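Novice: Quick one: sequence plus predicted model below, questions after.
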Amino acid sequence: MTLLVLGLVVFIGVHTVPMMTGLRDSLRARLGAGGYRILFTVVSLAGFALLVYGYGAARAEGPPILYDPPVWMRHVTMLLMLPVFVLLVASGAPTGRIKKAVKHPMVLAVKIWAFAHLLANGDLASVLLFAAFLAWGVVDRISLKRRPATLGGAAAAGAPSAAGDIVSLVVGLGLYLAFVFYLHELLIGVPVV
């Protein structure tokens, strides 16, 4: 459980740096834009590796069960995960109506993903993981409302393209189906169906 907590602190910690614009700007000034991105990426990957390994190890140890969700809650989770993949793809796709309406599709995807998984998992390791990401998503969204507009926000202000929505829907639904029938079990070790 220690590695999971350490991984969460490192991964979420580095993802709070953009919320602190003074610190972010100071780091960019010292390291340059490229150096800042490299450091951000390296620390993010290290934190992610720690939390993935720590989560797997904690689950293997059999963490305490905080609550036992009913079986039908897994179906609710599956339903909630459907827009998650569409939103994730929309965050990188050309600006469409989805991206323009949501403004920050990746942050919303993380919040829905975390909430959905809290509904279906009641062990301590899962609650720590998903509650931490949900809390980060809420804080980040509030922070995004208060930050000055960025280039990404300016790009989203243009006319939405149907291509962005088509890509988001088709690729997002394809990824959803791949995760439901194959990738979740392969990557996470837990079959969905």
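Specialist: Yep, it's here.
Novice: Now residue 65: phi and psi?
Specialist: phi -90, psi 120 (degrees, to the nearest 10).
Novice: how close does it sit to residue 129?
Specialist: From residue 65 over to residue 129 the distance is 15 Å, taken as CB to CB, to the nearest Å. (Glycine included, C-beta is placed from N, CA and C.)
Novice: Give the residue from these two that has the larger number of neighbours.
Specialist: Just comparing residue 65 and residue 129: by other CB atoms under 10 Å the higher neighbour count belongs to residue 129, 25 against 12.
Novice: Just the pLDDT for the residue most central in space within the chain.
Specialist: Centroid-nearest residue in the chain: residue 110, 3.4 Å away (criterion: CA atoms, centre = their mean). On the pLDDT scale, residue 110 is placed at 97.
Novice: I figured it hits residue 135, correct?
Specialist: No: contact criterion CB atoms under 8 Å: residue 110 and residue 135 do not qualify, at 10.6 Å.
Novice: so where's this structure shaky on pLDDT?
Specialist: Counting by pLDDT under 70, the low-confidence segments of the chain come to 149-158.
Novice: domain ranges for it?
Specialist: 1-62, 64-193 (automatic domain parsing).
Novice: In the protein, mark out all the helices, start to finish.
Specialist: Here the chain has its helices, by DSSP state H, at 2-16, 21-61, 73-92, 97-102, 105-120, 124-146, 151-156, 162-178, 184-188.
Novice: how distant is the fifth one from the center of its chain?
Specialist: It stands for helix 105-120. Mean-position distance between helix 105-120 and its chain equals 7 Å (CA atoms, centre = their mean, to the nearest Å).
Novice: likewise the last one?
Specialist: Distance, stretch centre to chain centre, for helix 184-188: 17 Å (CA atoms, centre = their mean).
Novice: again with stretch 62-79
Specialist: 20 Å.
Novice: do stretch 165-181 as well
Specialist: 16 Å.
Novice: Flag every buried residue along stretch 112-122.
Specialist: 112-118, 120-122 (16 or more other CB atoms under 10 Å).
Novice: Switch the residues you listed over to TSV; also include distance to residue 16.
Specialist: Below are these laid out as TSV (distance: CB to CB, whole Å):
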residue	distance to residue 16
112	20
113	18
114	16
115	20
116	23
117	21
118	21
120	27
121	24
122	27
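Novice: Greatest separation within the residues you listed: which pair is it?
Specialist: Spatially, the most separated pair among the buried residues of stretch 112-122 is 112 and 122, at 18.6 Å (CB to CB).
Novice: Which residue is most remote from the mean position of this structure?
Specialist: residue 30 (28.3 Å).
Novice: how near is that residue to residue 76?
Specialist: In terms of CB to CB, residue 30 sits 46 Å off from residue 76.
Novice: do residue 108 as well
Specialist: 18 Å.
Novice: Between the two, which is the more surrounded one?
Specialist: More neighbours surround residue 108 than the other of residue 108 and residue 76, with 19 against 14 (other CB under 10 Å).
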